[in-house]
Structure formats: C-alpha cells, structure tokens
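A.B. asks: Let's see this in three dimensions:
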Amino acid sequence: MIDHTKVSNDFTEHVGRKSTTGNDLEKQRAELRATIDRTAFEKEGLAWYRSAYSEAFVFMYDTSFYDREEQRYRIDEVLDDGEKEFGGYDIILLWQSYPRLGIDGRNQMDFYRDMPGGLEGLRKLTDRAHERGVKVFVNYNPWDLSTRREPGAGDPDPRGYRWGFPEEGRDSGGSRIESSGAPAVADAEALGSIIHAIGADGIFLDTMGSDDPGFRGPIEQANPDIVFDPEGVPGLESLGSITGSWLQRKAVEPPELLTIRWLEPRFSFRSIDRDSLDHQNMLHRSFFHGVGNVIWENIFGWWNPWNDADRALIRRCSRLLQRQRAAFQDENWQPYVETLSQDVVAHRWHDGDSIMHTMLNITNDVVTGPVIKLPSQTGDGRSFRHYDLWNGVEIKTLGTNNQLNLTMNPGEAGCIVSTPGELKLLAPEKASPSTSVIRDRVTLGDLTLREVGRSELAGPDEDPSGMCFVEGREVELTVRHNASAIMEGACYGGIETRHDMHHPPQQVALQSYWMDKTEVTNSEFQVFLKESQYVPTDVTNFLRHWEQDAEQASQPWLWSIPAGKEKHPVIWVDLDDARAYAKWAGKRLPTEGEWQIAAGFSVWPWGDQFAPDLCNSGTGDTTPVDQFPGGVSNAGCLDMAGNVWEWTESERDDGHTRFAILKGGSHLVVEGRWYNASGAQRNDVHEKILLMYPGLDRCGTIGFRCVKDTTS
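C.D. replies: As a prediction, the model looks like this:
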C-alpha cells in the first residue's frame with residue numbers, strides 16, 4: 001500500500017529545501033510506478049480521455065437543454081454555447097436522476113428510458129454530439145437501491161413495477177457498502193444495455209471512488225472502451241481501470257501533491273466547485289497542476305451561472321491546456337521546482353526540446369520582480385526563445401542569470417514556454433457578457449409563479465356534490481421539506497435559504513373555496529375522457545396503468561380501467577392533464593396554501609400523532625379513496641396524507657428550471673438518503689418536483705383533487 005502522507009510530506013520537505021534535482025523523489029517515483037498497473041493508459045480507445053479538460057454537467061431538466069414546446073433536445077444550442085462561452089466541451093454528462101428519484105418506483109435507468117424520445121432519442125443526441133467532437137457520459141447512482149429493481153433473466157417485462165428494499169450492501173443512509181453483489185451486477189447489465197443503445201462513451205460514478213470487476217464486466221461488453229469517471233479521487237490500486245476522475249475540492253493548495261498526477265500524468269482530473277459564485281481560485285490552481293474543470297451551472301434546480309470573468313478565464317485555461325497537452329502529460333515532469341520568490345511556486349514540464357513552467361502566486365498580494373530562472377539553451381547548444389503564453393507575449397529580455405521578471409496578481413497562474421523554435425501566440429481572452437444563454441443571476445424570489453385564474457363560481461346557496469367548504473381566512477403558512485431529505489435548490493425565498501429545510505413563514509390571504517372530498521378517481525377521469533375526448537399533445541406514459549389495444553392509442557376514452565381500480569385515485573397524469581380535467585369540471589387545482597389549510601391546522605389531517613391505520617402509507621399500492629374515513633381532516637377531506645401525492649397549482653419557472661409543489665405524500669415508501677420524500681407526509685410538508693416533459697412528469701404515485709371558487 002502506498003503511503004500518500006509520506007509522499008506529500010516528502011514533497012513539502014523538497015519544496016522547503018528548494019532542491020533543483022529531487023533525486024530521492026525521482027527514485028521514489030520509479031519505485032512506486034513499479035507497484036501500480038498502468039496498462040489502461042495504453043489503450044488506444046481511451047487516448048482521447050487523457051486530454052479531456054472540459055466537462056459540462058448537463059442537468060437534463062434545464063429548459064436550455066430540452067425545448068418542451070418544440071419537443072426536441074437543444075443539443076446544438078448547448079454545444080454552441082459551450083464553444084462560445086467556455087471554449088468548448090470535451091465531455092457532456094447527462095444527469096437524469098437526483099433529485100427526482102423516489103417520487104415513484106422508477107429507478108435511475110428508467111429515467112433514461114423515459115427521457116423524451118426514449119433511448120432512440122438519446123442515441124440521436126449522442127450521435128450529434130459525436131459529430132461535433134464531444135463525448136457523452138451517463139450517470140450511475142450506486143445508492144439507488146430502494147426503487148424498482150432491474151428484473152432478472154427471463155422476466156417478461158423489463159419495466160415492470162416490482163421493487164424491494166434489499167438490506168445487504170446499503171448503509172443507513174442508503175449508500176452502497178460494497179459495489180459487488182447481485183444489485184450491482186443487475187445495475188451494470190442495465191447500464192450496459194443503455195450504453196449500447198445510446199452510444200455513450202463513459203459513466204460518471206456518483207459518490208464512488210472506484211469501480212468493481214463484477215460491475216465493470218457487463219459494461220465493457222457493451223463498450224470495451226468505456227470510461228469510468230468516479231466522483232471521488234481513486235486509490236492508486238484502481239489505476240488499472242480508472243484513468244480519470246473529478247477533483248472535488250475548492251483548491252489544491254501548494255505544496256500539496258496530486259500523487260496520481262505525479263505518478264501517471266495521463267490521468268484525467270477535472271476540478272469542480274459547484275456552489276461558488278466565483279471560480280477564479282479553482283481555475284488558476286487547476287491550470288497550475290495541468291488539470292481541467294467541470295462546468296456546472298444548474299445545480300439540481302438552483303441556477304448558479306458562471307460570471308463573465310470566470311468564463312473568460314476558463315476559455316484561456318482550456319485553450320492552453322489543449323495546446324500544451326503533450327507537455328502536461330510529460331512522464332518526467334518536475335513538481336515544485338526552485339523559484340526565486342517564496343511567494344511563487346512552479347512546476348516544470350517537457351515536450352521534446354521545449355520546457356514549460358506553470359507558476360502560481362500563492363499569496364493575496366501582487367508579486368513583482370524575479371520569479372524563476374529560465375534555461376538559456378538546449379542540450380545541443382541551440383538558444384531558447386521564451387514565451388509568456390498566459391499573457392500572449394514573447395519575452396524579449398531576461399535579467400541577470402536568465403532571471404524572469406514578472407508581475408503576478410494575487411492567486412494568479414502563469415505559463416512560460418522556452419523553445420528553440422517559434423510559437424504562435426494567442427491574445428488572452430477578455431471578459432464579455434453572455435449572449436447565447438440567459439446568465440442573469442436569479443434568487444429564489446425571482447421564480448415566477450404561474451398565475452392562477454378563478455374557476456366557475458359556486459353560488460352562496462350551492463352545495464357542490466362531493467366537495468367540502470373551506471372558510472376564507474388570512475393565515476401564516478409555514479412549510480418545510482421532508483426532514484429525511486437533503487434539500488437542493490429550495491423552492492422560493494432568498495437564495496441564502498436554498499439548503500434550508502424550512503421556508504420562512506408566509507402571510508397568505510385565502511378567499512372561501514370548495515375542495516374535493518377525495519382525490520379524483522379512475523372512474524371520474526374516465527367520464528371526463530368520454531365526454532371531452534381529451535387527448536394530450538404527448539401521450540407518453542399517459543394512464544400507463546390502463547388497458548388498451550394498439551389501435552386505441554390515440555383514443556384514451558376507449559381505454560379500460562384495471563379491474564378493481566375504479567375507486568382508486570387516477571395516476572399517471574401530469575399537471576396539464578389534471579388542469580384539463582379541472583377545467584372540464586368547472587373547477588381548478590388548489591394552490592399550495594389552499595391545499596394545506598384544507599388538510600387542517602394539526603400536524604396530520606386527523607391530529608398531532610401519526611396513525612398508520614388512518615392512511616395509506618407503505619403499502620406499495622393505491623387504495624380506494626374512501627378506505628380511510630377515520631383520517632378525515634377538519635374540513636372533511638379524505639386521503640390528505642398518503643395514498644397519492646397531489647398536484648397543486650404552484651408551477652414556477654426561473655428561465656432554466658420549472659417545478660411544481662406536491663402535497664400529502666403517497667403509498668410508496670422509498671428508503672434512502674438522497675431520495676425524494678416518500679410515504680404519508682405531515683400537513684406542513686411539501687415536495688418539489690422538477691418538470692421536464694409529460695413522459696417523466698406523469699408518475700405512478702401522483703394524482704390530484706380540485707377546488708371551486710365561490711361568489712362570497
């Protein structure tokens with residue numbers, strides 16, 4: 001086992017001595033290299049990955065990625081924006097799952113299958129990216145163990161809704177303890193089929209630091225040149241199959257050593273700092289170490305755009321990393337060579353007869369004066385010319401003893417190339433406002449709430465059938481997220497509250513209204529279909545559980561309700577389907593506040609203590625809407641905790657993320673740290689559901705009920 005601490009300590013001592021040779025360390029490097037397997041770096045099919053410096057985290061729910069009006073992926077626009085604003089992408093990671101997993105039983109692979117156009121649509125997207133020289137990665141979440149399990153061999157329905165809760169291989173937070181075993185193999189086989197279908201080039205291993213032979217085998221059958229890209233830095237023993245990873249830290253502070261880069265400079269690191277509003281520190285240090293970066297702006301529904309200066313800097317870094325990629329993969333590069341200033345550190349790299357130094361001002365002050373001594377000539381006597389690639393100028397004169405005088409801003413990197421030939425210089429990038437994608441910084445308070453119109457009015461003496469009257473009032477509404485979840489992006493309020501579990505209290509003035517006593521049932525929805533002959537624009541997964549003949553695909557009023565489900569709540573309907581029903585019925589969907597007040601002012605609809613016999617939670621299937629009369633709310637409404645989540649009229653859009661609020665919880669309990677809330681929920685709990693397109697927005701655990709406005 002390699003002692004990383006000893007290696008780093010040796011380097012710290014080396015920097016302190018300002019040694020120009022580091023012979024002891026060179027000997028140690030040779031010895032360590034003999035102990036690790038580096039054959040994966042010789043694979044021709046992985047050669048491109050050595051210089052993959054720019055990876056875009058594409059959050060597939062961003063409206064800049066998928067145009068729901070035109071029903072198409074905006075892949076060319078995404079890549080155009082990447083070229084203009086970031087200097088181009090080498091990789092795009094298609095993130096599909098978190099934070100949508102767990103609302104219903106679909107697993108992470110189902111989310112790829114249910115993307116617009118299915119796997120065929122993703123294949124066309126991948127082909128287009130390949131035409132433009134960009135590789136495509138998919139995502140794997142090893143902690144997804146409680147949604148639908150991938151079926152075994154011989155199962156007639158690869159998307160059948162069977163799920164279990166395997167105990168082996170999962171800790172109390174839902175994370176995998178071991179990546180081996182049946183669940184991992186089944187996942188690998190499913191991922192392999194997806195990779196083969198869409199032509200993916202790599203897999204991002206979320207929360208993982210390595211892979212596993214049992215996991216790797218089925219995937220490599222689908223693509224022998226697949227790239228495994230873990231989130232964590234792998235151990236050196238994993239270099240036989242892991243040839244790159246994220247470098248998820250804000251800065252690698254000198255004289256810290258990137259041990260993997262020292263032993264194997266072909267390893268493809270990309271730094272990431274997703275929450276920062278300023279990426280300058282990360283970018284300068286990444287370039288100094290010769291590593292790339294992950295560009296991530298939509299953080300699971302929180303829009304955190306890179307500013308003008310950051311985009312200009314990463315364009316400069318990416319351009320220089322690509323131009324000097326041979327030097328950055330120098331087998332014998334020398335870290336932390338001697339400098340002339342204690343405020344500047346430097347690495348030395350070689351490319352044939354050329355010598356390159358990357359430098360970094362490690363202070364918060366401007367450094368001016370001699371920083372490093374440059375070589376004067378090659379071994380065969382040819383004179384060097386010196387170029388400051390960072391600033392795009394040739395260095396015409398050097399000080400005494402070839403000392404380089406330079407001015408470096410606080411924390412700034414630099415790049416000097418000494419070569420006997422002539423280099424073409426490029427002008428430094430200048431910061432400029434983005435024109436290809438809206439990059440205005442928004443707060444949660446800027447999320448535009450869709451206007452709610454009034455329904456047909458119920459008269460003062462009218463008593464609408466099957467509805468409960470709720471007296472208007474002004475209340476202080478307190479809302480929180482499920483306490484077992486990790487909140488990302490929040491829903492509304494100040495951006496500083498984006499990770500808070502509780503929203504600030506709101507003063508809400510409600511007029512009197514009528515609320516459906518129960519959730520809309522399959523039978524009631526069937527009447528609507530027959531009378532209105534409603535057909536959604538996109539029928540993907542519409543009433544997926546109903547029975548139909550092939551010739552009835554465009555005539556849902558002819559479909560059949562599953563036997564015994566007539567009085568169960570209708571599911572597999574999206575927000576627009578629910579709105580269409582409500583409008584037909586002369587009603588509308590309730591706002592979040594209206595729903596919560598109708599549920600009551602106690603903790604649960606029936607009181608302050610949870611009572612499993614008063615609701616449907618954890619059964620794994622829906623129940624008739626009148627099965628739990630004891631769980632009635634003060635307003636007289638049933639099933640306001642459990643059975644199915646319910647849509648509310650709460651759609652918001654900040655120009656990048658659309659979402660709506662669900663209330664009530666459902667029958668399905670999905671255990672694990674990073675899933676959505678599941679099971680029956682308290683009155684004050686809500687769940688944010690990201691909206692993309694009907695095929696994903698329709699779920700097996702979401703229904704709705706309606707409200708009707710009054711004249712009073």
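A.B. asks: Can you give me the domain boundaries for the chain?
C.D. replies: 4-12+31-322, 444-709 (automatic domain parsing).
A.B. asks: now these in JSON lines, with mean pLDDT?
C.D. replies: Formatted as JSON lines, the domains of the chain follow (pLDDT from 0 to 100):
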{"stretch": "domain 4-12+31-322", "mean pLDDT": "86"}
{"stretch": "domain 444-709", "mean pLDDT": "93"}
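A.B. asks: out of the ones you listed, nearest to residue 413?
C.D. replies: domain 4-12+31-322 (4.2 Å; CB to CB). C-beta: built from backbone N, CA, C; applies to glycine.
A.B. asks: what about the closest one, distance to the chain center?
C.D. replies: Offset of domain 4-12+31-322 from its chain centre (CA atoms, centre = their mean, to the nearest Å): 10 Å.
A.B. asks: related to what we said a few turns ago, do you know which of the domains of the chain lies nearest residue 377?
C.D. replies: Of the domains of the chain, nearest to residue 377 by CB to CB is domain 4-12+31-322, at 24.6 Å.
A.B. asks: got a markdown table for the domains of the chain, with mean neighbour count and distance to residue 381 too?
C.D. replies: Formatted as a markdown table, those follow (neighbours: other CB atoms under 10 Å; distance: least, CB to CB, whole Å):
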| stretch | mean neighbour count | distance to residue 381 |
| --- | --- | --- |
| domain 4-12+31-322 | 19 | 29 |
| domain 444-709 | 19 | 59 |
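A.B. asks: May I have stretch 676-695 exported as PDB, CA atoms only?
C.D. replies: Extracted in PDB, the C-alpha atoms of stretch 676-695 (Å, rounded to 0.1, in the frame of the first residue of the first chain):
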ATOM      1  CA  ASN A 676     -37.500  12.400  -2.500                       C
ATOM      2  CA  ALA A 677     -39.800  12.400   0.400                       C
ATOM      3  CA  SER A 678     -41.900   9.300   0.400                       C
ATOM      4  CA  GLY A 679     -44.800   7.800   2.400                       C
ATOM      5  CA  ALA A 680     -47.500   9.800   4.000                       C
ATOM      6  CA  GLN A 681     -46.500  13.300   4.800                       C
ATOM      7  CA  ARG A 682     -47.400  15.900   7.500                       C
ATOM      8  CA  ASN A 683     -49.700  18.800   6.600                       C
ATOM      9  CA  ASP A 684     -46.900  21.300   6.500                       C
ATOM     10  CA  VAL A 685     -44.500  19.200   4.300                       C
ATOM     11  CA  HIS A 686     -44.300  19.700   0.600                       C
ATOM     12  CA  GLU A 687     -42.200  18.100  -2.200                       C
ATOM     13  CA  LYS A 688     -40.700  20.000  -5.100                       C
ATOM     14  CA  ILE A 689     -41.000  18.100  -8.400                       C
ATOM     15  CA  LEU A 690     -38.900  19.300 -11.300                       C
ATOM     16  CA  LEU A 691     -40.900  19.400 -14.600                       C
ATOM     17  CA  MET A 692     -39.500  18.300 -17.900                       C
ATOM     18  CA  TYR A 693     -42.000  16.700 -20.200                       C
ATOM     19  CA  PRO A 694     -45.100  14.500 -19.800                       C
ATOM     20  CA  GLY A 695     -43.300  11.200 -20.000                       C
END
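A.B. asks: For residue 343, find the nearest of the domains of the chain.
C.D. replies: Once the domains of the chain are compared by CB to CB, domain 4-12+31-322 is nearest, at 10.8 Å.
A.B. asks: about what we covered before: nearest to residue 366, of the domains of the chain?
C.D. replies: domain 4-12+31-322 (14.2 Å).
A.B. asks: Kindly provide the distance from residue 273 to residue 95.
C.D. replies: Relative to residue 95, residue 273 is positioned 17 Å away (CB to CB, to the nearest Å).
A.B. asks: on that earlier part again, next, format the domains of the chain as a markdown table and append distance to residue 417.
C.D. replies: Converted to a markdown table, the domains of the chain look like this (distance: least, CB to CB, whole Å):
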| stretch | distance to residue 417 |
| --- | --- |
| domain 4-12+31-322 | 10 |
| domain 444-709 | 40 |
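A.B. asks: among these, which is nearest residue 426?
C.D. replies: domain 4-12+31-322 (6.6 Å).
A.B. asks: check contacts around the residue of the chain most remote from its centre.
C.D. replies: Outermost residue of the chain with respect to the C-alpha centroid, by CA atoms, centre = their mean, is residue 381; its distance is 53.6 Å. Residues counted as contacts of residue 381 (CB atoms under 8 Å, 6 or more residues apart in numbering): none.
A.B. asks: Could you point out the helix or strand that follows the helix or strand encompassing residue 191?
C.D. replies: In this structure, residue 191 sits in helix 182-198 according to DSSP states H and E. With elements assigned by DSSP H and E, the helix or strand that comes after helix 182-198 is strand 202-205.
A.B. asks: in its sheet, what does that next one sit against?
C.D. replies: Applying DSSP bridges, strand 202-205 is found paired with strand 135-140 (parallel), strand 227-230 (parallel).
A.B. asks: Could you dump those strands into JSON lines with distance to residue 369 added?
C.D. replies: Putting the strands paired with strand 202-205 into JSON lines (distance: least, CB to CB, whole Å) gives the following:
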{"stretch": "strand 135-140", "distance to residue 369": "44"}
{"stretch": "strand 227-230", "distance to residue 369": "42"}
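A.B. asks: Next one: the residue farthest from the centre of the chain from residue 429, what distance?
C.D. replies: Residue 381 is 37 Å from residue 429, by CB to CB.
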